[in-house]
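Visitor: only geometry, no sequence info:
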């Protein structure tokens, strides 16, 4: 499928209008809502999501914030960039977006890999860009191939991502959805990813090469999570959702283990920043979509504690 | 240093005479003791060991067995083979040794990485070569870079091996023992490896490229442990020695975690073989050297249960 | 598809009967023809081939030799071994086959990757197993990911192998033949691999994970070709078939470049063995199948020069 | 050695004053000279260089330009960032420097890996930042581990970089200069790097982990050169200095082969930009230091052709 979103006929309408910004290598797609006089918030979706996974949350946040929600490279209507999916490239796209479009300090809230990127921005953005970051159930360590702490991606969601890689293919070059369904149904119980029905809208908009980058470890090849966590420079809120351990294999069923969350907190606190932690063991991984009211309440409450 | 043992002037005398067998790519050094009429036992030393770590055990075993103890490639007086340290190459060297020198079914007992190789032989040796294998505190999964279960080598002994790689160098090409001592003393508490004094005899005989192969994962690149364990074909005795978890980092202090040992047993039992397990939490990792009486008693007792 | 050939219903009848040998990890399938009193020859097929690519050559050779032709792991009716396709595992399978089945010194002739394995046997087989080796258009260096000399596999047949990997999948888990045809037709001009029609018989019998192992470099991860060539121990005949350079990309169209062949000869001669070289620029890559008369004449003639 | 330049006591005085800019992850050190009313030029040094390799060139360029010369991360007085040396991180540092310090369109001139980064900026900088780029003898393709065209770094300067990695160590953690000299003197003839005497000033200021990143391929893991070249967006001048082929090994002695330069030009022209090429086969690799008059004349002349 085309790497240029204009060449991909898969999109649908949403509640908020979309805009595009040329930030150099890619065109970044985003939606914006709320009064520009309000504090700015940047929302970063999860892997396999587009900006509109935040659609309902955005409506709720618009009362208090000027909200931006983006598609990362390889998501939604942003450019697909084969061989170039890495935390540092995702992160620097956001640095540029903040510099060129938002142009004032923001609170960042990201989910799943978007939550890892929120931590990345806390550590590595340009001075003054970030006020604080909410990491919503981020797979810290657990989305690395060789993490310094706890289960690797191969002991968590990696086997499912391998099915995306193998059956969908980079840029949907294989497109074997039936084979994916069959393999995923047999292999994976209780995951948050679809294993039946037609291709869901969010996956249509997603470059499966993301999955390859994670399962093969290239996404963090030059960005070990432990090093990133030791360099955060702003307040952080870490929310920790449903998780358990597969009794047979010991695999992590969830985004981040208790041990990994504890180690992440310890390293971030060692960097001298304020770290808040909320364990919400009954929350869905993508809480911002599954329970927008609860999610936005947490975000709203936490931002009031920031200077 | 020379890859040919004849070019390395580091050796000392031992209690049993050494012999060499040309097995093709390498010359394999070994010692032999006991009555050829007795059952044959093959002993495989740990990483950084040579055959003579079994010296005292051999004396005790000689009463009941015809004992062979070997130096693997990269150990002792066997050939050093740069770029070619892998489980499959170690293992096939042993297959050849059994075929050319021992020439009858054996009980295999290996310690640490030698214990992984004992399991390898159970799974992959030629038909009829192996009667049973004792895996003495083997780092199953825990010596892989990306294991299917539990901590990786980077969460265990890997950081120390990285110091061997960096300060000693492949084939001792760097030889910075003082730098190693300083770095190891600072980094690693309570490990079984030396962090002061002169270079110990066993390390003099050891090619530090072994450490590189483990810490960078090439040693098992084509031999995932989980797959190996699913294919064992003989009775197995797994002994499990001192282990704990570093409370700060979560790292494994020991050769194999409880979870990994349980998973290894489960997979091996799934292969249809008899698997015995002895947890000996007060035993040193290299029990065969630290407590030869206890070690040989366990080995002797277990072999009597084999047909 | 099943890794056990008995579970795969894809086979057809051939001119010579097939037998199977249990060599430990795998069951090796082979055909045998000729008078056991004649000199023994071992034939190793090319990647994507099975033993019967030698069918016509075997008929011609049977007058003078006792001929064995094998399926390697992942080929034909031999066992498929996921995650375990490496030169050292292929090679040690052959060492075992020679030890258990042939049981006397042989001349080895292998084509393409089978020719690399012929060189491997010259270097690494057990003492006395190999009389000499014919490497028929072997991709020395050119099938490595990071060769010490000349084009890598990515600058040669690698892009096509990547299509096997992506569209067929390990163990035919994807099976997207239509997608393969479309992609291969667009991407690759003038290659020896099929880009239209139904799945050919040889590919049906082939585990596409072979292609992954080559294109991702794991097949030679612990076996750099340059090191192998420096250790050959028997006479070698290197035949060098059709090759050219793509004027646009500089890619190698052929199995091995002139520079690589020269370097291979130089290194092998440096090992102290006799090296013969025949450039046959009009020969097909799989000459033993395309022109059995010429191929067998070359083999027959060369073997007469061996002691 | 400390990753913070303030903790490293190795620096000497230079002709132009140094300043530091906080750009987020790192502090970037730079020197600035010339009239701010003149056109802006950004100079990027070679691997193992610091900004002051341009000292004499800067004096000459100051008449016509406002010149900035920088230390990249891991060079000179800029921050060292273990595990994070990649083209994308180097490049985005420069994007930030242009955004925060230079704040107007520039002509970029970089040497060696700095020349690759000049091409990177042409392809990937923020809109409007770059007027044109001079790539001074850049190792396009030839500094990749698995290039799409021509020799890899292992067939060029890689073996020397491996000696930096092994004998100096990440962050000079090994510091075995005597061992480096001995190994380099034996292994490498006619290279541009020192093989005797004391540690030169430029190497004292250099983090040898750069060398690891290049020789192990992580530096370009998410930035294949061919893809980069297909996306350049500004005029490019490629200068091509002394190069030859080692007759014995076929290795490239030089930064980029003729075939690679031709392919680079072809791909960049395919991107629709103007590409100029000057072959200067008698020029030193670091011409800007070896022959500042000639270098600055070329740069001055070419900039006049830009709009």
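Guide: Here it is on my side, so go on. Every value quoted in this text rests on a predicted model; they were computed, and no experiment measured them. Numbers count the residues shown, from 1 in each chain, chains lettered A, B, ... in the order given.

Visitor: roughly how far does residue A:214 sit from chain B?
Guide: 13 Å (Cβ to the nearest Cβ, to the nearest Å). C-beta coordinates here come from the backbone N, C-alpha and C atoms, glycine included.

Visitor: how about the helix or strand harbouring that residue and chain C, touching?
Guide: Assigned by DSSP states H and E, residue A:214 belongs to helix A:209-215. No. Helix A:209-215 is not in contact with chain C by Cβ under 8 Å from any Cβ of the partner chain; minimum separation 10.3 Å.

Visitor: next structured bit after that helix?
Guide: By DSSP H and E, the next helix or strand past helix A:209-215 is helix A:225-229.

Visitor: buried residues in that next one?
Guide: A:225, A:226, A:227, A:228, A:229 (16 or more other Cβ atoms under 10 Å in any protein chain shown).

Visitor: just checking, what packs against that helix?
Guide: Packing partners of helix A:225-229 (3 or more Cβ pairs under 8 Å, 6 or more residues apart in numbering or on different chains; DSSP states H and E): helix A:113-124, helix A:258-270.

Visitor: of all these, which one comes closest to chain C?
Guide: Closest to chain C of the helices and strands packed on helix A:225-229, according to Cβ to the nearest Cβ: helix A:113-124, at 23.5 Å.

Visitor: now the closest one: how far from the chain's centre is it?
Guide: Helix A:113-124 sits 9 Å away from the centroid of its parent chain (Cα atoms, centre = their mean, to the nearest Å).

Visitor: right, and the helix or strand after that helix?
Guide: strand A:130-136.

Visitor: just the angle for that following strand relative to helix A:113-124, thanks.
Guide: Interaxial angle of strand A:130-136 relative to helix A:113-124 (axes from the mean of the first three to the mean of the last three Cα atoms, to 10 degrees): 150 degrees.

Visitor: return the distance of strand A:130-136 from the chain's centre.
Guide: With Cα atoms, centre = their mean, you get 12 Å for strand A:130-136.

Visitor: what does it rub up against?
Guide: A:39, A:105-112, A:114-116, A:118-119, A:121-122, A:232-239, A:241, A:287-288, A:295, A:298-299, A:302-303, A:306-307 (Cβ atoms under 8 Å, 6 or more residues apart in numbering or on different chains).

Visitor: any chance of the helices and strands packed on helix A:225-229 in a markdown table, plus mean neighbour count, mean pLDDT and distance to residue B:64?
Guide: Shown next, in a markdown table, are the helices and strands packed on helix A:225-229 (neighbours: other Cβ atoms under 10 Å in any protein chain shown; pLDDT from 0 to 100; distance: least, Cβ to Cβ, whole Å):
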| stretch | mean neighbour count | mean pLDDT | distance to residue B:64 |
| --- | --- | --- | --- |
| helix A:113-124 | 28 | 98 | 58 |
| helix A:258-270 | 20 | 98 | 45 |
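
Visitor: in a markdown table: those, plus distance to chain B.
Guide: Listed next are these as a markdown table, based on distance: least, Cβ to the nearest Cβ, whole Å:
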| stretch | distance to chain B |
| --- | --- |
| helix A:113-124 | 19 |
| helix A:258-270 | 5 |
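
Visitor: who wins for proximity to residue D:163 among those?
Guide: helix A:113-124 (31.6 Å; Cβ to Cβ).

Visitor: is that closest one anywhere near chain D?
Guide: Yes. Judged by Cβ under 8 Å from any Cβ, helix A:113-124 comes into contact with chain D at A:123, A:124.

Visitor: now the angle from that helix to helix A:258-270?
Guide: Comparing the axes of helix A:113-124 and helix A:258-270 via the same axes, to 10 degrees yields an angle of 20 degrees.

Visitor: quick check: the gap between residue A:225 and chain C.
Guide: Computed as Cβ to the nearest Cβ, the residue A:225 to chain C distance reads 25 Å.

Visitor: chain D contacts on the stretch 51-200 of chain A?
Guide: Residues of the stretch 51-200 of chain A lying near chain D (Cβ under 8 Å from any Cβ): A:82-86, A:88-89, A:92, A:95-96, A:99-100, A:123-127, A:129.

Visitor: quick one: contacts for the residue positioned nearest the centre of chain A?
Guide: Nearest to the mean C-alpha position of chain A, by Cα atoms, centre = their mean, lies residue A:114 at 2.1 Å. Contact analysis of residue A:114 by Cβ under 8 Å, 6+ apart lists A:43, A:44, A:45, A:46, A:47, A:49, A:72, A:136, A:138.

Visitor: so the nearest residue to residue A:278 once chain neighbours are set aside is in which element?
Guide: Leaving aside its sequence neighbours, residue A:278 sits nearest to residue A:239 (Cβ to Cβ, 6 or more residues apart in numbering or on different chains; 4.8 Å). According to DSSP H and E, residue A:239 maps onto strand A:236-240.

Visitor: strand partners of that strand, parallel vs antiparallel please.
Guide: Here strand A:236-240 has these sheet partners by DSSP bridges: strand A:130-136 (parallel), strand A:275-279 (parallel).

Visitor: just after it, pick out the following helix or strand.
Guide: strand A:244-245.

Visitor: pLDDT averaged over that following strand - what is it?
Guide: Taken as a whole, strand A:244-245 has a mean pLDDT of 96.

Visitor: what does stretch A:285-303 give?
Guide: On average, stretch A:285-303 scores 98.

Visitor: buried ones in that stretch?
Guide: So for stretch A:285-303, counting by 16+ other Cβ under 10 Å, buried means A:285-289, A:291-292, A:295-296, A:298-299, A:302-303.

Visitor: number of nearby residues for the closest residue to residue A:129 other than its chain neighbours?
Guide: Using Cβ to Cβ, 6+ apart and skipping residues adjacent in sequence, the residue nearest residue A:129 is residue A:98, 4.9 Å away. Residues lying near residue A:98 (other Cβ atoms under 10 Å in any protein chain shown) number 23.

Visitor: and residue A:98, what pLDDT?
Guide: At residue A:98, pLDDT is 98.

Visitor: my guess is it is in a helix, correct?
Guide: Yes. Under DSSP: H, G, I helix; E, B strand; the rest coil, residue A:98 falls within a helix.

Visitor: that one against residue A:42, yeah?
Guide: Yes. Contact between residue A:98 and residue A:42 holds when scored by Cβ atoms under 8 Å: they sit 7.0 Å apart.

Visitor: which neighbours do those two have in common?
Guide: Common contacts of residue A:98 and residue A:42 (Cβ under 8 Å, 6+ apart): residue A:106.
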